[in-house]
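[1] Sequence first, predicted model second:
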2 protein chains.
Amino acid sequence: MKKAPERLRFSALAVDAVVLGIVDGELCGLVSEVNRPPYYVNILGFLGGLINIEENADEACERVLYEKGGLKNVYVEQLYTFSEVERDKRNRVISVAYIALVRPDTAASYKFADASFVPLKKLKNLAYDHDEMLQMAKSRLQGKFAYTNIAQYLLPRHFTLSELQATYEIVLQKEFDKRNFRKKVLSLDLVKETGLVQDGVKNRPAALYEFSSQKIKEFQLLT
Amino acid sequence: MKKAPERLRFSALAVDAVVLGIVDGELCGLVSEVNRPPYYVNILGFLGGLINIEENADEACERVLYEKGGLKNVYVEQLYTFSEVERDKRNRVISVAYIALVRPDTAASYKFADASFVPLKKLKNLAYDHDEMLQMAKSRLQGKFAYTNIAQYLLPRHFTLSELQATYEIVLQKEFDKRNFRKKVLSLDLVKETGLVQDGVKNRPAALYEFSSQKIKEFQLLT
DNA sequence: GCAAAAGTGTTAGGTATACACCCATGC
DNA sequence: GCATGGGTGTATACCTAACACTTTTGC
């Protein structure tokens, strides 16, 4: 593979990953300290890194998630490409942004370098154009929650219907009626019983469910 | 604005535009001959071009649409970024793809260099990864038709409800009941009457409507 | 008066919403 | 036995889907 001719190669290419997960009932984003003097110091930003010559953007994202976040096998999807000329004040950098979703076990016990999960409502004044990235990631997630089974990537493999409902309520910022919610997810075949029940809880143990399909599938709106 | 350091600048950056419009009751894409020996000869592809150092991807797309397609003031939205290492066999090129929509007057009388509107079902074996781009553009358009007022960009400013219905049927490849369709679009306030009627038709003239909002707005699903 | 497309209402079935109490378990 | 969250049914309003005939115009 040849490089492009010199005059056409003015920009670096990066990926940024908006990693989302639920911690203590709140939707959180994974951020770390950005330290790029003189413009970006004492400021938070999402994980990001440059694309290498031998990889595509998806592969770069996967690598960055592992190298900078210690994350492997997480759900990712491309979000949007940010290309404002001055989006990085130091150099021209075009960034392909991704959304990644992690399950609660990963998010709750997260420990890697200086990266940490911070509730979205505390994520303001991030580095570069990461505020905009976050807004877009949030709307995209909410959109997909309504008509796909993407919620599975924010839940453990087995979960109770109350946990599922809580996940929807946290992401969509909206409450659901317990009975109607259950009827809906069951009638859509979104989830199915595992036959297992909770263990070690101090109240009546709930039945454990799993998603019917591991693949992203489209459903009717959960408004 | 400095360029990025040399070792980080291996790729050219391009935009490609999947321009869609309806001609003779068919959804068509705007393609032109690609002539890039030795790999891409006698083959069709969407309009595309390189991003310049002083512009962002949206601006590059707008410029390419004008320079290579003679198009101005058309609706555009970013679709997806294609970054496979070998997507262009000559050089490493990462491309930010866009969807653009043109109104029937533009599409029907289109004439610019060798570009032309070709029905989607005839667009096979396009250059680069443009087949994949087209599939993605088509699904995106169908998705947005179902829950936004994006249809306005494929219609004239004033249109009859039958034309609106035909547009939905062409894009979604699905027939609607005339009475139910009308009830739906009116109850959603998707469109409103202009008070005008058709002129010069040899049957009963239909009332002309316009979209209630010029901005992209979300609605309930038109399934 | 005929051809062509416009325009219009009703019914039935299904989906969405609102709402309150009993159940199983651990302590 | 009490505190905690689990689990369940019904009635109503609303929305969707199916369906056919009359109206207006140009020629």
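    Thanks, I have the structure now.
[2] Backbone dihedrals for the residue in chain A that DNA strand D sits nearest to, both of them.
    At 2.8 Å from DNA strand D, A:N203 is the closest residue in chain A, using Cβ to the nearest atom of the strand. Where C-beta positions appear, they are placed from N, C-alpha and C, glycine not excepted. With angles defined as degrees, to the nearest 10, A:N203 sits at phi -130, psi -170.
[3] Check it and give its pLDDT.
    The model reports A:N203 with a pLDDT of 95.
[4] Residues of chain A that sit close to DNA strand C?
    A:177-180, A:183-184, A:187, A:201-205, A:220-221, A:223 (Cβ under 7 Å from any atom of the strand).
[5] which of those tops the neighbour count?
    Among the residues of chain A next to DNA strand C, A:K184 has the most neighbours (other Cβ atoms under 10 Å in any protein chain shown), with 15 neighbours.
[6] Give me the secondary structure label for it.
    Here A:K184 takes the helix state, with states given by DSSP: H, G, I helix; E, B strand; the rest coil.
[7] same question, A:D58
    Strictly by three-state DSSP, A:D58 counts as helix.
[8] okay, now it: neighbour count?
    Neighbour tally, A:D58, other Cβ under 10 Å: 17.
[9] For A:T160, see how far away the residue of chain A closest to DNA strand D is.
    If you measure A:N203 against A:T160 using Cβ to Cβ, to the nearest Å, the figure is 11 Å.
[10] so where do the strands sit in chain A?
    A:12-23, A:26-36, A:40-50, A:75-82, A:93-101, A:116-119, A:191-197, A:207-211 (DSSP state E).
[11] still on that earlier bit, which one of the residues of chain A next to DNA strand C sits closest to chain B?
    Using Cβ to the nearest Cβ, A:L221 comes nearest to chain B of the residues of chain A next to DNA strand C, at 6.2 Å.
[12] Tell me how many other residues crowd A:L155.
    A:L155, neighbours per other Cβ under 10 Å, totals 21.
[13] meant to ask about A:Q173, not that
    Neighbours of A:Q173 (other Cβ under 10 Å): 10.
[14] Output the strands of chain A in a markdown table, with mean pLDDT appended to each entry.
    Formatted as a markdown table, the strands of chain A follow (pLDDT from 0 to 100):
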| stretch | mean pLDDT |
| --- | --- |
| strand A:12-23 | 97 |
| strand A:26-36 | 97 |
| strand A:40-50 | 97 |
| strand A:75-82 | 98 |
| strand A:93-101 | 97 |
| strand A:116-119 | 98 |
| strand A:191-197 | 96 |
| strand A:207-211 | 98 |
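[15] Nearest to chain B, out of those strands?
    Using Cβ to the nearest Cβ, the nearest of those to chain B is strand A:12-23, at 3.5 Å.
[16] So is the closest one next to chain B?
    Yes - using Cβ under 8 Å from any Cβ of the partner chain, strand A:12-23 reaches chain B at A:A12, A:L13.
[17] Spatially nearest residue to A:D88, not counting backbone neighbours?
    Closest residue in space to A:D88, ignoring its immediate chain neighbours: A:Y128 at 5.7 Å, by Cβ to Cβ, 6 or more residues apart in numbering or on different chains.
[18] Next one, pLDDT for the nearest residue to A:L161 once chain neighbours are set aside please.
    Of all residues not flanking A:L161 in the chain, A:R182 sits nearest, at 5.5 Å (Cβ to Cβ, 6+ apart). pLDDT recorded at A:R182 is 97.
[19] A:R182 contacts A:T160, doesn't it?
    No - using Cβ atoms under 8 Å, A:R182 is not in contact with A:T160, being 10.7 Å away.
[20] ok, the closest residue to A:I150 other than its chain neighbours - how many residues close by?
    Of all residues not flanking A:I150 in the chain, A:K144 sits nearest, at 4.6 Å (Cβ to Cβ, 6+ apart). By other Cβ under 10 Å, 18 other residues sit near A:K144.
[21] okay, now the domains of chain A?
    Listed by automatic domain parsing, the domain ranges of chain A are A:6-143, A:150-211.
[22] could those go into CSV alongside distance to B:R90?
    Shown next, in CSV, are the domains of chain A (distance: least, Cβ to Cβ, whole Å):
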stretch, distance to B:R90
domain A:6-143, 12
domain A:150-211, 37
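[23] Of the ones you listed, which is nearest B:V19?
    Across the domains of chain A, B:V19 has its closest neighbour in domain A:6-143 (19.0 Å, Cβ to Cβ).
[24] quick one, what contacts the residue nearest to A:D88?
    A:D16, A:V34, A:Y40, A:G45, A:R87, A:D88, A:S95 (Cβ atoms under 8 Å, 6 or more residues apart in numbering or on different chains).
[25] Name the nearest of those relative to A:K122.
    Proximity of these to A:K122 (Cβ to Cβ) peaks at A:G45, which lies at 14.0 Å.
[26] By proximity to DNA strand C, which residue of chain A wins?
    For chain A, Cβ to the nearest atom of the strand, closest residue to DNA strand C: A:R204, 3.1 Å.
[27] near DNA strand D, anything from the longest helix seen in chain A?
    Selection of the longest helix in chain A by residue count, based on DSSP state H, yields helix A:130-147. No - Helix A:130-147 lies out of reach of DNA strand D by Cβ under 7 Å from any atom of the strand, never closer than 14.2 Å.
[28] Quick one: list the elements packing against that helix.
    strand A:12-23, strand A:26-36, strand A:40-50, strand A:75-82, strand A:93-101, helix A:161-172 (3 or more Cβ pairs under 8 Å, 6 or more residues apart in numbering or on different chains; DSSP states H and E).
[29] do you know which of these lies nearest A:K215?
    Comparing these by Cβ to Cβ, strand A:75-82 comes nearest, at 11.4 Å.
[30] measure the residue nearest to A:I150 to A:I216 for me?
    From A:K144 to A:I216 the distance is 8 Å (Cβ to Cβ).
[31] again, but for A:I51
    24 Å.
[32] More neighbours: which of the two?
    Just comparing A:I51 and A:I216: by other Cβ under 10 Å the higher neighbour count belongs to A:I51, 27 against 13.
[33] From A:K183, how far off is A:S162?
    A:S162 is 14 Å from A:K183, by Cβ to Cβ.
[34] Also A:Q198?
    Distance from A:Q198 to A:K183, by Cβ to Cβ: 21 Å.
[35] one step back: which one of the contacts of A:Y128 is nearest to A:S212?
    The closest of these, once distances to A:S212 are taken by Cβ to Cβ, is A:D16, at 32.5 Å.
[36] For the closest one, give the beta-bridge partners.
    A:G48, A:A97 (DSSP bridges).
[37] That one contacts A:A127, correct?
    No - taking contacts as Cβ under 8 Å, A:D16 lies outside contact range of A:A127: 9.9 Å.
[38] So for these two, which residues contact both of them?
    Common neighbours of A:D16 and A:A127 (Cβ under 8 Å, 6+ apart) are A:G45.
[39] Tell me how many other residues crowd the nearest residue to A:S213 once chain neighbours are set aside.
    Setting aside the residues directly before and after it, A:S213 is nearest to A:N149 in space (Cβ to Cβ, 6+ apart), at 6.2 Å. A:N149 is flanked by 22 other residues according to other Cβ under 10 Å.
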